[in-house]
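1. make a model of this:
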Amino acid sequence: MIRATLCIDDAVGEHRRALLDPFGKPFRLEVERWSERGRRAKLDEIWWGRVKARMPGNRGWFVDLGLDRDGIIEQSKAQAIAEGAMLAVRVKSEAWAEKGLVLSLADMSPSVPRPDKPQLHQPPADDLFLRGVVVVATLREEAGRAQVEGAIVESGQQVVGLEGGGDLAIQASRAMTVIDVDAAERVGAQDADAFALDLNLAAAEEAARQISLRGIGGLLAVDFVGMKQSKHQRAVAEAFRKALAGWLGRASEVLELSQLGVCEAAIARRARPVRDALSAPAHEREALDALREIESAGWTARGSKIRARVSQEAAGWLETDHIGWGQALADRIGARWTLEPQDRPPGRAEVWSTE
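-> Model prediction:
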């Protein structure tokens, strides 16, 4: 169990959480926009869904959950399924980008009445974000927001430094994620193999933390610095295996290093990646960031008027107020802001306070 600090940024329009390890480094991150609530199925939820049609090649079935996108049940898990049936299903993997929901049949007593349309039946029994974690402190408001913002910035960095020197370069593609280990300016033992072992052990730990922080799943390849001794190669693979289990709270399939020093792994794809959770339409992203900055300004400039200059598209999204942000923000800081639409593409909002 990891002793962690839970950081909560419950901004108007978007709820974010991060977990920090005992050294203050983030290792998990969760983002949910208010506009998504009730419109996407989450990991380990149980839903009632109607079987819609067979997948191409008879690989399984499409299941309608009453959401924007259908889920799928693989053929091997759905031998007794018939088109049109109402089923109780559990979410095995969340939808993201072009990937759909992956479902499994849920245990449900025959005495439980079946609804006449797809709907959520039961949320997860526990908070999966906190699995394998003991929360020793909780940060909210300004302190929590600052830590969550820092975690988000780190999750988007392509190159991450290592303790003692060296770095990781992380690149994600549709097919897989590749992590390259580089010694850079690291200084260490004169023996080349001992130097590489020390670097690779540090890289294995940091790579696992970054995988957890970013919500990376699927196929992964880590290009470690080459080592000649097989015992060192096995030690690095085992260190990576254990680090992944610790940060993720579950085991992953990790192969031994190849002759080229590449370690292949399969990370169970469950929750959506952070980059996908943050990828709202540009005008909504600008509007949400503006709301967060208005709220923060309201904390620091109590009693002052707050002005926000946003694009026309962001202003239009805010004016519809389909998520109820106006009343929520007024309840927190008072109705003392002014929105100024600007004729420009969606981008970064300008927020400032006036006397």
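2. give the residue spans of the stretch 51-200 of the chain that score low on pLDDT.
-> Scanning the stretch 51-200 of the chain for pLDDT under 70 picks out the ranges 76-79, 189.
3. er, the stretch 251-355 of the chain I mean
-> Using pLDDT under 70, nothing in the stretch 251-355 of the chain is flagged.
4. residue 324: neighbouring residues, count only.
-> 11 (other Cβ atoms under 10 Å). Backbone N, C-alpha and C define where each C-beta goes, glycine included.
5. got the contact list for it?
-> residue 34 (Cβ atoms under 8 Å, 6 or more residues apart in numbering).
6. also the one 5 residues further on?
-> Under the criterion of Cβ under 8 Å, 6+ apart, the contact list for residue 329 reads 12, 291, 294, 295, 335, 337.
7. just the ones of those in helices?
-> Cross-referencing these against helices under DSSP state H gives 291, 294, 295.
8. touching, the first one and residue 10? I think so.
-> No. Applying Cβ atoms under 8 Å as the test, residue 291 and residue 10 come out as separate, 12.0 Å apart.
9. of those two, who's got more company?
-> Each of residue 291 and residue 10 has its neighbours counted (other Cβ under 10 Å); residue 291 has more, 26 against 15.
10. could you pull up phi and psi at the most centrally placed residue in the chain?
-> Geometric centre of the chain, nearest residue: residue 274, 3.1 Å, by Cα atoms, centre = their mean. The phi and psi values for residue 274, taken as degrees, to the nearest 10, are phi -60, psi -40.
11. quick check: it vs residue 38, distance?
-> 21 Å (Cβ to Cβ, to the nearest Å).
12. please tell me how far residue 271 sits from residue 41.
-> For residue 271, the distance to residue 41 - Cβ to Cβ - is 11 Å.
13. common neighbours of these two, please.
-> residue 94.
14. ok, which stretches of the stretch 151-300 of the chain are helices?
-> Secondary structure of the stretch 151-300 of the chain (DSSP state H, counting those that start in this stretch): helices located at 192-214, 230-248, 274-277, 282-300.
15. who does the longest one touch, helix- and strand-wise?
-> Applying 3 or more Cβ pairs under 8 Å, 6 or more residues apart in numbering; DSSP states H and E, we find helix 192-214 packed against strand 26-33, helix 141-155, strand 167-172, strand 177-182, strand 218-223, helix 230-248, helix 274-277.
16. could the ones you listed be laid out in TSV, adding distance to residue 306?
-> As requested, these are exported to TSV (distance: least, Cβ to Cβ, whole Å):
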stretch	distance to residue 306
strand 26-33	22
helix 141-155	16
strand 167-172	37
strand 177-182	40
strand 218-223	43
helix 230-248	39
helix 274-277	27
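17. looking at the ones you listed, which is closest to residue 267?
-> Closest to residue 267 of the helices and strands packed on helix 192-214 is strand 218-223 (Cβ to Cβ; 5.8 Å).
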